[in-house]
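Visitor: A predicted structure for the sequence below; I have some questions about it.
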Amino acid sequence: MNSIWVDQVGYLPNGKKRAVLNFDADEFEVTDESGKTVLSGHTDHFGTDEISGEDIYVAVFDELNTDGRYRIKAGDATSVSFKVSGDVYNGLMKDLLKCFYYLRCGDALDPEYAGEYYHAPCHMSAAKVFGEDVPEVNVTGGWHDAGDFGRYSTAGAVAVAHLLYGVRFFGDLLNTGSDIPKVVSAGKTLPDILAEVKVELDFLLKMQREDGGVWHKVTTLYHAEFIMPEDDHDDLYLFPVSSMATADIAAVFALAYTIYKDYDGAYADKLLAASLKAYEWLKANPEPLLFHNPPGNGTGDYSEDEDISNRFWAACALYEASGEDKYLKDACAEYKSLADYDAHAPRKGYQGDVFTCMGWAEVAGLGSMSLILRDENNALTDSIKQSFMKEAGRLRTVASKNGFNLCMSKADFIWGSNMELLKYMMILSIADRLDGSDKYIDLITSGIDYLLGMNSMDTSYVTGHGEHAYRNPHLRPTVADGIEEPWPGLVSGGPNMGLQDARAKDVDPDSAPMKCYLDHEDCYSLNEITIYWNSPFVFVLAHIFSNT
Ligand code: G3I
Ligand code: 9MR
Ligand code: ZN
């Protein structure tokens, strides 16, 4: 089929604008809402690329800078409509942030804010400590992780980190309203993003055991059926402390301290004290305490093979927050360990420089961001800055190998591929700031365009945003609530060559990487949502906003 793929949300007036065609058309036209041609041009033939498997022609229409709604036409094909406007991504940003509210656990969702997606308080019972004969613990609150109702410490810490580093780098995020209940802390009204993040921080505080260690997760033994969260009454269990969870919490509390201290000193001090307590635990437990689901437990395991990147992040974040040399010394030691480890271990879930990675497992890139914020003149900071610039250069080369200007290679199309991309876009955002020349904006823009429809699925991977936005996320409340549309702003995991769920077997396994996708609620390996797939998009959009 002849297709023209565009960013279905739209383009910024002064931004780069590209559409991708999968058929031979020499000329293309841009038409406005009345059907009038407002611009015409010639396509460039890129050729066939590995990620889409299509013979690509590219239409560039940067000069279209008048506000309006348009389509691209070529041959017998017409694209979906898109907007050109300075506020084109404002609604998207608000909805990306609002999703954290919709995913709140414990708290009831109020119809005033949640509209028809309101629900009663959920997961209110105290949790048993798995395998231990000790009193139950109250760990209510926080955000559901994803399409399931689990709450996982490392995943939660990483999502919070994306948001809070976003606040540190792009202060404007503090002015983004997301239509959530106001929170007054020590007499000051918190900006919405901080009010929302506090929900997760308060929960993570409860996940810390008396001795400073942090429980890896709190979930039921197995995932619930497709029911509303308040109908999930299975027993909750706290699963064993891991050194990854403890380190990630030490890091994210130190980071949060640097922000909340301007609003509520007592709360910030509480976070810092909890961070230091976690860090002491790490010092007293130098061997990795890894986590794997015990027999009889089938919820997510977020297992990692080592905890070095986590310890590195903790040391960097505490160094940034305190300026104390002992943390810099620790960061240097962990840097060396991770570099050695990375040189010998098989690559796990990341393609580039390990010191730029900021996913749920590899978190050294988050530590690097703390060093960049501190911006001291030292060898460690220099070398991680180089890592970011080197990685940005690698990503540019990757993008030159496909017609979408997309910084993804075949190996990135794994479970949560959209986050692989968003992590790269975060790196490019940092590189842009370090370099000062905004020379990576075009790569970031193409990434946004891809996520919002400029892809061979002709699909926007954010609910409610784009004429062909996906509509069937693997998300329990969405399936159970009887409401036709999911709430807007949810980022899908996206194409995954692994096709790792039963329904995904409906996809032809020989499909090109970009086509290994199905918009079906059963497809948790292709179409689930998570907090840490929304959070990097907030960071990247904040960078784009800071440039316009
Ligand atoms: O690291 C390997 C890489 O070396 C290999 O080339 C590639 C292709 O097979 O796979 C990479 O590993 C993948 C790993 O994620 C790395 O990120 C695995 O295949 C893939 O199965 C694994 O997926 C994770 C999935 O849980 C299963 O463990 C997702 O990243 C992770 O986001 C997801 O998390 C779940 C939670 O457990 C429960 N809540 C929902 C959440 C989202 O689906
Ligand atoms: O809904 C679960 C999803 O959040 C997880 O990512 C996925 C992998 O852990 O598991 C999903 O739950 C499925 C379970 O693992 C197996 N039975 C069917 C469940 C729902 O499709
Ligand atoms: Zn809940």
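Guide: Thanks, I have it. Ligands and ions are numbered 1, 2, ... in the order given.

Visitor: once you drop chain neighbours, what's closest to Gly415?
Guide: Quick fix: residue 415 is Trp, not Gly. In space, not counting the residues next to it along the chain, Trp415 is nearest to Asn496; the distance is 4.9 Å by Cβ to Cβ, 6 or more residues apart in numbering. No exception for glycine: its C-beta is placed from N, CA and C like everyone else's.

Visitor: before we move on, what SS does that neighbour have?
Guide: Look at Asn496: counting by DSSP: H, G, I helix; E, B strand; the rest coil, its state is coil.

Visitor: for it, which residues are in contact?
Guide: 413-417, 504, 516-517, 525-526 (Cβ atoms under 8 Å, 6 or more residues apart in numbering).

Visitor: one more time with 10 Å
Guide: Contact partners of Asn496, counting by Cβ atoms under 10 Å, 6 or more residues apart in numbering, are 413-418, 504, 507, 513, 516-517, 523, 525-527.

Visitor: run through who's touching the helix-or-strand element of the chain with minimal mean pLDDT.
Guide: Lowest mean confidence among the helices and strands of the chain (mean pLDDT, DSSP states H and E): strand 184-185, at a mean of 92. With contacts defined as Cβ under 10 Å, 6+ apart, strand 184-185 is touched by 190, 194-195, 198, 260, 263-264, 266-268.

Visitor: which single residue in the protein comes nearest to ligand 2?
Guide: Across the chain, the shortest distance to ligand 2 (Cβ to the nearest ligand atom) belongs to Asp148, at 3.3 Å.

Visitor: what's the neighbour count on that residue?
Guide: Asp148 has 22 neighbours, counted by other Cβ atoms under 10 Å.

Visitor: the stretch 1-150 of the chain against ligand 3: which residues are in contact?
Guide: The stretch 1-150 of the chain has residues 105, 122-123 near ligand 3, with proximity defined as Cβ under 5 Å from the ion.

Visitor: closest to Val218 out of those residues?
Guide: Nearest to Val218 among those is His123, at 8.4 Å by Cβ to Cβ.

Visitor: quick one, what contacts the residue of the stretch 201-350 of the chain found nearest ligand 3?
Guide: Of all residues in the stretch 201-350 of the chain, Pro229 sits closest to ligand 3, at 4.2 Å by Cβ to the ion. Pro229 sits next to 103-106, 109, 119-123, 144, 149, 476-477, 480 when contact means Cβ under 10 Å, 6+ apart.

Visitor: enumerate the residues of the stretch 301-450 of the chain near ligand 1.
Guide: Neighbours of ligand 1 within the stretch 301-450 of the chain, by Cβ under 6 Å from any ligand atom: 302, 347-349, 411, 414-416.

Visitor: what stretches of the stretch 201-350 of the chain score poorly on pLDDT?
Guide: Applying pLDDT under 70 to the stretch 201-350 of the chain flags no residue at all.

Visitor: and the next helix or strand past the least confident helix or strand of the chain?
Guide: strand 188-189 (DSSP states H and E).

Visitor: contacts for that next one?
Guide: Here strand 188-189 makes contact (Cβ under 10 Å, 6+ apart) with 182-183, 194-195, 262-264.

Visitor: among the residues you listed, who's most crowded?
Guide: The most crowded member of those, judged by other Cβ under 10 Å, is Leu194 (24 neighbours).

Visitor: which of the residues of the stretch 1-150 of the chain next to ligand 3 sits closest to Ser437?
Guide: Nearest member of these to Ser437, counting by Cβ to Cβ, is Cys105, at 43.1 Å.

Visitor: tell me which parts of this protein are close to ligand 2?
Guide: Residues of the chain lying close to ligand 2 by Cβ under 6 Å from any ligand atom are 146-148, 223, 300, 524, 528.

Visitor: would you list every one of the helices in the stretch 51-200 of the chain?
Guide: With DSSP state H, counting those that start in this stretch as the criterion, the stretch 51-200 of the chain has helices at 90-102, 111-114, 153-169, 192-206.
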